[in-house]
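Engineer: Whatever this is, show me its structure:
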Amino acid sequence: MIKKIISALFLASLVSAKSSFIGDTNRAKIFELTDNEIATFKLTMPDEQFALLKENCQFVGGNFVEQLKELFNNPPPMIPANNTEAEAGPGPAEEEEAFKTKDATLVVQVNGEEKSFKKITFSLGGSSSRIYGRQGFNLKIRGNKDLYGRSQFRIRSDAREATYLRSKLSCDIHNRLGLTSISANYITLYINEEYLGMYILMDAPKLPWIEQVYGEADTPNLYKCKDGSNYLSVMSSAELCYNENEDVTDRSEWVEFLTALDNAQSAEDIEDIFEVDQFLYEIALEYLTGSWDHFLSTGHNFSMYKQKSNGKWTIIYYDFDADFGQDVDNIEFGLTETDPNKDFPNYSFGEWDSKRQRIIEILIFKDPTRFLNILRKIVTEVFNPATLFAHIDELKEFIKPHVIKDKTADEIINRPGVLNKKGSDYSIEQWDANSEFTTIQDTVINSSAYGLKYWILAKYRYVCKTYKIECDQTYLDENYEYPVNKDVEGEIITGIWDGINFAILGFGSYKTDDIIVHEDSQAEKPTETSTEAQPTETTNDTKPAESTPAAQTYQCMAEIIGYPCCDKNVKTVYEKDVYGDWGYDFKKGEWCGLTPYTEQTNDEECWSEVFGYPCCKGCYVYETDDDGKWGYENQHWCGIQSYCSN
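Structural biologist: The predicted structure is shown next:
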């Protein structure tokens, strides 16, 4: 009986929300109640605490790009040249919070009711958002209490972008598709009776959220991957993602999972331990919404949870304020050479996925059938102008009175909620225009964004044509007219990362090869021949035979994989691997090889030539399949020779 009562209470915290856009899906009741009503959150804390909060909000961001140029152009000894993983410093658990108090109470007014909470933890939230005028916060209800099914919230100003819509829209799309996801709606916030304006309210995928959504209390298997360069491999994520449960010190299950991903050759190898579809949906949404701030590019802003019910790990995204063409030039971060094509909405998936992590090669490029089916489903069901434009119009009308109230004052420092008097804030004209089709730019904070509707329209047109999706001709018509506000129109900022020596990260130059779609509008399926499992950089598993490249003369081992030999004055060894000793030329800003090239005795017969590939000179193994071990040299896959076993 007790179990039945507990189950009933658990289910009561979830509701079948039937908003016109989201449809039938389980969300916490707080998000159902706020679909058509903006709740009021009133916090009270000692005056000295509020004064301290305001003091900690005064923040002037330095020139981050210039700081990176100094860091990367004068690097400390670190990453080997052929290493595709980068370390990103201490995790958030080691960072000192700017402001946090447990001496606060909360009253929430919603649905004609008032809920009071005496034990509240309230802190400044967000990292990059500190430079803006409006700040973000974190709120936790303590004492085993919750607000209609949730006890931890992210209260965000989303000051990076002008519309207040990008996070809400991304969460709504996730909810509509039935993905494992957080939710979002709007609130107004008061502290000590001072009105701070409208904010986006989102739940936080932390331990209480797992218990409320999955029914598992104090899970030992929830990892937050907040810092950059987490690409779900042992090397990149075993230590850099941190466990949300501070009592857990044993990472063996986490490392075991990452090891399985490292060793996988296909989706089938990890299907029983990984929610592959959830991951592919997230990757497809990253591409469609132009998100550069999640897995594909920066490798962060997601959590990983191992479900107790089925033993599968699933990925959970958060932080969506950089979606839909916001600061989209950041997709170039980390590349040694950037794509000269800056028409970002018209990037193919291959162009968008510039850093090409192994898990993406395995799950998408090796056989794109499953991914393309998911991409088509998203475009057909939700990522299309007919569906999203109407929802944007509805949301704009809903929040417009609050936007006007928050942005009426001419002086930014006099606007409600602008706690950082040294920060910036968008105008109401920019809010209105960028919610539609107008690109805007803010040179003060070095930020730019495509119009929200423009990004959706342009991306929709591109993917429909490129990936052979049957789409609405109304929006494919190049004569489709839309308004642009010339008074606030700006240009997309590009080239901000030029001149930074990203070679030490090992990502390399941009890539343009894409997944292949056949004329029958079906993604290519693997051919059942002996070459099916060959490594590939495109989706064409049945590769045409390639001519063996002409023999080359190498002076050092590094030249085999495209790196120069060190000058005579460069002698310090910073790294060692199968290609020998590595130095770093600080004048040229590049890694270089120190180990002279020694010609090995080649195998009498090169086993990989039967598949159209030469044998390798070096011994670095990128892939292993039923045919053998594969390396990659001179822009060609190659077979590892027997002398590498000695």
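Engineer: the domain parsing of the protein - what is it?
Structural biologist: 2-68+81-381, 385-476 (automatic domain parsing).
Engineer: For the last one, what is the spacing between the initial and final residues?
Structural biologist: With C-alpha to C-alpha, to the nearest Å applied, domain 385-476 spans 10 Å between its terminal residues.
Engineer: chain center to that domain: distance?
Structural biologist: Its chain's C-alpha centre and that of domain 385-476 lie 20 Å apart, by C-alpha atoms, centre = their mean, to the nearest Å.
Engineer: Over to stretch 340-358?
Structural biologist: Mean-position distance between stretch 340-358 and its chain equals 14 Å (C-alpha atoms, centre = their mean).
Engineer: any chance of the domains of the chain in a markdown table, plus mean pLDDT?
Structural biologist: Below are the domains of the chain laid out as a markdown table (pLDDT from 0 to 100):
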| stretch | mean pLDDT |
| --- | --- |
| domain 2-68+81-381 | 89 |
| domain 385-476 | 94 |
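Engineer: As TSV, those with distance to Thr595 would be great.
Structural biologist: From N, CA and C alone the C-beta is placed, and that goes for glycine too. What follows is the domains of the chain, written out as TSV (distance: least, C-beta to C-beta, whole Å):
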stretch	distance to Thr595
domain 2-68+81-381	12
domain 385-476	42
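Engineer: for those, which one sits closest to Gly639?
Structural biologist: domain 2-68+81-381 (16.6 Å; C-beta to C-beta).
Engineer: quick one on the thing from earlier: which one of the domains of the chain lies closest to Gly628?
Structural biologist: For those, the distance to Gly628 is smallest for domain 2-68+81-381, at 13.0 Å, taking C-beta to C-beta.
Engineer: The biggest strand by length in the chain pairs with which strands, and in what direction?
Structural biologist: Scanning the chain for the strand with the most residues, using DSSP state E, yields strand 113-125. Applying DSSP bridges to the sheet, strand 113-125 is found paired with strand 100-110 (antiparallel), strand 136-141 (antiparallel).
Engineer: Buried residues, the first one. List them.
Structural biologist: Pointing back at strand 100-110 there. 101, 104, 106, 108, 110 (16 or more other C-beta atoms under 10 Å).
Engineer: related to what we said a few turns ago, right, and the domains of the chain - which one's nearest Tyr579?
Structural biologist: Nearest to Tyr579, of the domains of the chain and by C-beta to C-beta, is domain 2-68+81-381 at 6.7 Å.
Engineer: can you give me the offset of the closest one from its chain's centre?
Structural biologist: 9 Å.
Engineer: Let's have the strands paired with strand 113-125 in TSV, adding distance to Lys400.
Structural biologist: Output for those, formatted as TSV (distance: least, C-beta to C-beta, whole Å):
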stretch	distance to Lys400
strand 100-110	20
strand 136-141	22
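Engineer: Figure out which of those is closest to Tyr480.
Structural biologist: Closest among the strands paired with strand 113-125, once you apply C-beta to C-beta, is strand 136-141, at 36.3 Å.
Engineer: now the helices: where do they sit in the stretch 401-550 of the chain?
Structural biologist: 428-434, 452-466, 473-476 (DSSP state H, counting those that start in this stretch).
Engineer: Would you mind giving these as JSON lines with mean neighbour count and distance to Cys619 added?
Structural biologist: Output for the helices of the stretch 401-550 of the chain, formatted as JSON lines (neighbours: other C-beta atoms under 10 Å; distance: least, C-beta to C-beta, whole Å):
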{"stretch": "helix 428-434", "mean neighbour count": "21", "distance to Cys619": "53"}
{"stretch": "helix 452-466", "mean neighbour count": "21", "distance to Cys619": "39"}
{"stretch": "helix 473-476", "mean neighbour count": "12", "distance to Cys619": "51"}
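Engineer: and Asn346, which of those helices is closest to it?
Structural biologist: helix 452-466 (4.8 Å).
Engineer: how about the residue positioned nearest the centre of the chain, secondary structure?
Structural biologist: In the chain, the residue lying closest to the centroid (C-alpha atoms, centre = their mean) is His294, at 0.6 Å. Three-state assignment for His294 (DSSP: H, G, I helix; E, B strand; the rest coil): coil.
Engineer: same thing with the one 3 residues further on?
Structural biologist: Three-state secondary structure (criterion: three-state DSSP) places Ser297 in coil.
Engineer: which non-adjacent residue is nearest it?
Structural biologist: Of all residues not flanking Ser297 in the chain, Ile331 sits nearest, at 5.5 Å (C-beta to C-beta, 6 or more residues apart in numbering).
Engineer: Same check on Cys619?
Structural biologist: Cys644 is the one closest to Cys619 (C-beta to C-beta, 6+ apart), at 3.6 Å.
Engineer: Quick check: that neighbour touching Gly628?
Structural biologist: No. Counting by C-beta atoms under 8 Å, Cys644 does not reach Gly628; the two are 10.9 Å apart.
Engineer: which residues are common contacts for those two?
Structural biologist: Residues touching both Cys644 and Gly628 (C-beta atoms under 8 Å, 6 or more residues apart in numbering): none.
Engineer: rewinding a little: quick check: which of the domains of the chain is nearest to Ile640?
Structural biologist: Closest among these, using C-beta to C-beta: domain 2-68+81-381, at 14.4 Å.
Engineer: quick revisit: could you export the helices of the stretch 401-550 of the chain to TSV, including columns for distance to Glu161?
Structural biologist: Listed next are the helices of the stretch 401-550 of the chain as TSV, based on distance: least, C-beta to C-beta, whole Å:
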stretch	distance to Glu161
helix 428-434	8
helix 452-466	9
helix 473-476	23
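Engineer: right, so of the ones you listed, which gets closest to Glu253?
Structural biologist: Comparing the helices of the stretch 401-550 of the chain by C-beta to C-beta, helix 452-466 comes nearest, at 37.2 Å.
Engineer: before we move on, the earlier item: with respect to Lys422, which of the buried residues of strand 100-110 is nearest?
Structural biologist: Thr101 (22.5 Å).
Engineer: what about the closest residue in space to the closest one that isn't next to it in sequence, which SS state?
Structural biologist: Once flanking residues are discounted, Thr101 sits nearest to Gln49: 5.0 Å by C-beta to C-beta, 6+ apart. Under three-state DSSP, Gln49 falls in the helix class.
Engineer: neighbours of Gln49, just the number please.
Structural biologist: 19 (other C-beta atoms under 10 Å).
Engineer: And it, how close does it get to Gly490?
Structural biologist: Relative to Gly490, Gln49 is positioned 39 Å away (C-beta to C-beta, to the nearest Å).
Engineer: coming back round to it: between the helices of the stretch 401-550 of the chain, which one is closest to Val234.
Structural biologist: Nearest of the helices of the stretch 401-550 of the chain (C-beta to C-beta): helix 452-466, 33.5 Å.
Engineer: Which neighbouring elements make contact with the closest one?
Structural biologist: Judged by 3 or more C-beta pairs under 8 Å, 6 or more residues apart in numbering; DSSP states H and E, the packing partners of helix 452-466 are helix 276-289, helix 369-381, helix 385-407, helix 473-476.
Engineer: residues of the longest one that come out buried?
Structural biologist: Which is helix 385-407. Quick answer for helix 385-407 (16+ other C-beta under 10 Å): 385, 387-389, 391-392, 395-396, 398-399, 402-403, 406-407.
Engineer: now for it, which elements pack on it?
Structural biologist: By 3+ C-beta pairs under 8 Å, 6+ apart, helix 385-407 packs against helix 166-177, strand 184-191, strand 194-203, helix 428-434, helix 452-466, helix 473-476.
Engineer: can you redo those as a markdown table with distance to Thr40?
Structural biologist: As requested, the helices and strands packed on helix 385-407 are exported to a markdown table (distance: least, C-beta to C-beta, whole Å):
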| stretch | distance to Thr40 |
| --- | --- |
| helix 166-177 | 18 |
| strand 184-191 | 5 |
| strand 194-203 | 10 |
| helix 428-434 | 22 |
| helix 452-466 | 27 |
| helix 473-476 | 39 |
